[in-house]
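[1] Sequence first, then the predicted structure:
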Amino acid sequence: MSWAAHELESYLLHKHVRTKASFLAILTGCLAPDMLTKLPVYGIELGNLVIRPDDPWEYHRGWPGAGFTHSLMFAVVLGLLTLWVFRSREWALGLFVGTSAHVLTDVFDSVGTMLFFPFTTQQYSTGMWAYAAQAGRYGDAAAYYGSLGLVWDLFWLTLALLGFKALRARYFFDEVVTSDPAWGWLRRRLHLSDRVLLALYRAYFVYGACRIFGWSIWVHLVEGAPMDWTWGGPYWVDKVTLEPTPLPELAANTAVGLAGFVAAGWLLWLLVGRRLWEAADAEHRR
């Protein structure tokens, strides 16, 4: 899924989380799995030196590689580390929710994600559009916005517009600011007015929407790329597809992965998480 859609989903997630969670943490979580992985996939050029993995998709989503960042356990560990270091329930929960959402929504391309890593390396994918990060930033953008990826982005934009209450000033000051002391810190340390804070909050929505239309205009009007409405398109890109896993093997891998994830998550909560959660609450009351 594009970064534009990941940015838009953060507004919807914050609105529907039924307890206090940091919007900034949810937004960070929605982008976190790609922050340290997507740039090398596209290639880093330092003069004559080009840093790029031999198999971009394996580095980005697979194992061995950085594919562990696209797993639900990564979201759990990230949340626990945040709870331990910063003693913030709102940021721990926000990072967990945002990162989990990124992992789940990335299953729609032709490579998908290892949802239950490290308990299984099974890739889960619907194959809705082509994974084409190996084609570079512009090739990837052309493939995404020349396929059902554009429909997926417009779907999230529509949901965000239907939930427009999350963009209102009242919601921001009553729900967003009160759920995260970071906004108060920005107000005090940087002397930002409420109007500027509200503009910052809305900025990622505007930025995400503009990215969708900007890339779409570039792909279709500037580059003249054809639109492919078929599942798994576009037909004209050299996409990465994985061999389908036989149903019995998929079921076995899913059973092992799900059981391992639930058991590990429960043990982490009993041994570490609950104590950190209570400590964070006690510190907040002081």
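    Arrived safely. Numbering: from 1, shown residues only.
[2] my guess is residue 111 meets residue 124, correct?
    No: checked against Cβ atoms under 8 Å, the pair residue 111 and residue 124 is beyond contact range at 9.9 Å. Glycine gets a C-beta too; all of them are placed from N, C-alpha and C.
[3] tell me, how many neighbours does residue 86 end up with?
    13 (other Cβ atoms under 10 Å).
[4] which residue sits closest to it in space, ignoring its chain neighbours?
    residue 92 (7.8 Å; Cβ to Cβ, 6 or more residues apart in numbering).
[5] what does the model give that neighbour for pLDDT?
    On the pLDDT scale, residue 92 is placed at 97.
[6] Could you shift the numbering so residue one becomes 750, and keep it that way?
    Yes, from this point I'll number from 750; that puts the last item at residue 841.
[7] Residue 966: what secondary structure?
    At residue 966 the chain is in helix, as set by DSSP: H, G, I helix; E, B strand; the rest coil.
[8] still on that earlier bit, higher neighbour count, residue 860 and residue 873?
    Using other Cβ under 10 Å as the criterion, residue 860 and residue 873 rank with residue 860 on top: 25 against 21.
[9] who touches that one in this structure?
    Neighbour list for residue 860: 806, 809, 810, 811, 872, 874, 880, 989, 990, 991 [criterion: Cβ atoms under 8 Å, 6 or more residues apart in numbering].
[10] Please name the nearest non-neighbouring residue to the fifth one.
    This means residue 872. Spatial nearest neighbour of residue 872, chain neighbours left out: residue 861 (4.7 Å); criterion: Cβ to Cβ, 6+ apart.
[11] hang on, residue 975 in a strand?
    No: applying three-state DSSP, one finds residue 975 to be coil, outside a strand.
[12] Quick one: residues contacting it.
    Neighbours of residue 975 in contact, by Cβ under 8 Å, 6+ apart: 895, 983, 985.
[13] Out of those residues, grab the one that's most surrounded.
    residue 895 (26 neighbours).
[14] Correct me if wrong: that residue contacts residue 978.
    No: with contact defined as Cβ under 8 Å, residue 895 does not reach residue 978; the gap is 10.0 Å.
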